[in-house]
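J.: one predicted model, sequence on top.
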Amino acid sequence: MNPSPSIAFLGTGLMGAPMCQNLLSAGLPLTVWNRSLAKAEPLAKRGAVVADSPQSAVADADVVITMLSDGPVVSAVMFEQGAADAIREGATRIDMGSIGADEAIDHAKRHAERGVRYLDAPVSGGTRGASAGELAIMAGGDAETFATMQPVFVPLGQAIHVGPNGCGQLAKLANQVIVAITIGAVSEAFILAGGGGADRAKVREALQGGFASSRILTEHGQRMVKRDFEPGGPARFQLKDLRNALSAAERLGLDLPITRLLHDLFDAMVQSGKGGMDHSGLLTHLEALNNITGN
């Protein structure tokens, strides 16, 4: 592939915008589209072309990246609104959002019928990782196609090929299961220690030196201590991922009781009106269950 493939990027929200910034910084030709054009327009100042429709964005691209909120939105943009029909034969589409593994497999087949290669390559690392170009990228699809996409992946983070189509999404779901369960564990640990009079900030510091140390404890634990719940990863997206994980488990004949428990807790949190809060804000939901006011 040309070392500077032309890229169409659909979805320039919290994650998509900084990812586009890094692609532009790497000198890659970029056309962007977002449902709310105002979110895409700042990228024009960096050299991106802003398209007025998904179809016009993808028409001449070597690579089409989608970073949209969920599977139904991806399906609507790609197949119901006709963007998939506008992708040229021989191009590659990369879905870097979080959708169902079964949806990714279906999308791969539908694109293949039109001579378009497909990778499901969701990411982890939040807005901080997106801005720093340090995302973990979990790619499912053909190994040769994955190899040709390295010029696209390198500015965004570290990409690992994990298996055929659908496996990228399964890897992301595995990531989100670990994240959700660990957020729950850190939240309850802080509630327990704080309930006995311990300083949560000092507890976090002490735990970082032992087996309980984790990136969640370090980064989200700090959010909890500072009570800074501006969304890097909104709770409603965490709920979506847990729902997809349970659906995948059901399809595979597996039982994930801990994941189900965290799904129910995040569902209750979102239903209480906190869907836009960062997922580390699960702490506040668990505090409410214990009649604890923020501290």
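T.: Perfect, I can see it now.

J.: strands of the chain, start to end?
T.: If DSSP state E is used as the criterion, the strands of the chain fall at 7-10, 30-33, 49-50, 63-66, 92-95, 117-120, 123-124, 135-140, 157-163.

J.: the inter-axis angle of the last one versus strand 135-140?
T.: In this structure, strand 157-163 runs at an angle of 20 degrees to strand 135-140, with axes from the mean of the first three to the mean of the last three CA atoms, to 10 degrees as the basis.

J.: give the pairing partners of strand 157-163; include direction for each.
T.: Paired strands of strand 157-163, with direction, are strand 135-140 (parallel) (DSSP bridges).

J.: with the first one instead?
T.: Strand 7-10 sits in its sheet next to strand 30-33 (parallel), strand 63-66 (parallel), going by DSSP bridges.

J.: let's have the ones you listed in a markdown table, adding distance to residue 184.
T.: All C-beta spots, glycine's among them, are computed from the backbone N, C-alpha and C. Output for the strands paired with strand 7-10, formatted as a markdown table (distance: least, CB to CB, whole Å):
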| stretch | distance to residue 184 |
| --- | --- |
| strand 30-33 | 36 |
| strand 63-66 | 30 |
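
J.: relative to residue 214, which of those strands is closest?
T.: Nearest to residue 214 among these is strand 63-66; the distance by CB to CB comes to 29.7 Å.

J.: which residues does that closest one contact?
T.: The contact list for strand 63-66 (CB atoms under 8 Å, 6 or more residues apart in numbering) reads 5-11, 19, 57-58, 74, 77-78, 83, 87, 91-97, 149, 152.

J.: then it to CSV, C-alphas only?
T.: The C-alpha coordinates for strand 63-66 follow below in CSV (Å, rounded to 0.1, in the frame of the first residue of the first chain):
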residue,chain,number,x,y,z
VAL,A,63,-9.0,3.5,4.0
VAL,A,64,-12.3,4.2,5.7
ILE,A,65,-12.3,4.4,9.5
THR,A,66,-15.5,4.5,11.5
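
J.: and the average pLDDT for that strand is what?
T.: Here strand 63-66 scores 98 as its mean pLDDT.

J.: run the chain-centre distance for it.
T.: Here strand 63-66 is found 15 Å from its chain centre; the criterion is CA atoms, centre = their mean, to the nearest Å.

J.: where does the stretch 101-250 of the chain dip in pLDDT?
T.: Within the stretch 101-250 of the chain, no range satisfies pLDDT under 70.

J.: before we move on, back to that, dump the strands paired with strand 7-10 into JSON lines; add mean neighbour count and distance to residue 113 as well.
T.: Converted to JSON lines, the strands paired with strand 7-10 look like this (neighbours: other CB atoms under 10 Å; distance: least, CB to CB, whole Å):
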{"stretch": "strand 30-33", "mean neighbour count": "25", "distance to residue 113": "23"}
{"stretch": "strand 63-66", "mean neighbour count": "26", "distance to residue 113": "16"}
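
J.: nearest to residue 143, of those?
T.: strand 63-66 (17.1 Å).

J.: residue 70 and residue 97 touch, don't they?
T.: Yes: between residue 70 and residue 97 there is a contact at 7.3 Å, judged by CB atoms under 8 Å.

J.: okay, these two: which has more neighbours?
T.: residue 97 (25 against 18; other CB atoms under 10 Å).

J.: and the residue nearest to residue 242 when sequence neighbours are not counted, how many neighbours?
T.: Computed as CB to CB, 6 or more residues apart in numbering, the closest residue to residue 242 that is not its neighbour in sequence is residue 263, at 4.2 Å. Using other CB under 10 Å, residue 263 has 20 neighbouring residues.

J.: residues touching residue 263, list them.
T.: For residue 263, the contact set (CB under 8 Å, 6+ apart) comprises 180, 239, 242-243, 245-246.

J.: let's see it at 7 Å
T.: By CB atoms under 7 Å, 6 or more residues apart in numbering, the contact set of residue 263 is 239, 242-243, 246.

J.: got the buried residues for the longest helix along the chain?
T.: Using DSSP state H, we find that the single longest helix of the chain is helix 167-195. The neighbour-count check on helix 167-195 (16 or more other CB atoms under 10 Å) flags 167-173, 175-177, 179-184, 186-187, 189-191, 193 as buried.
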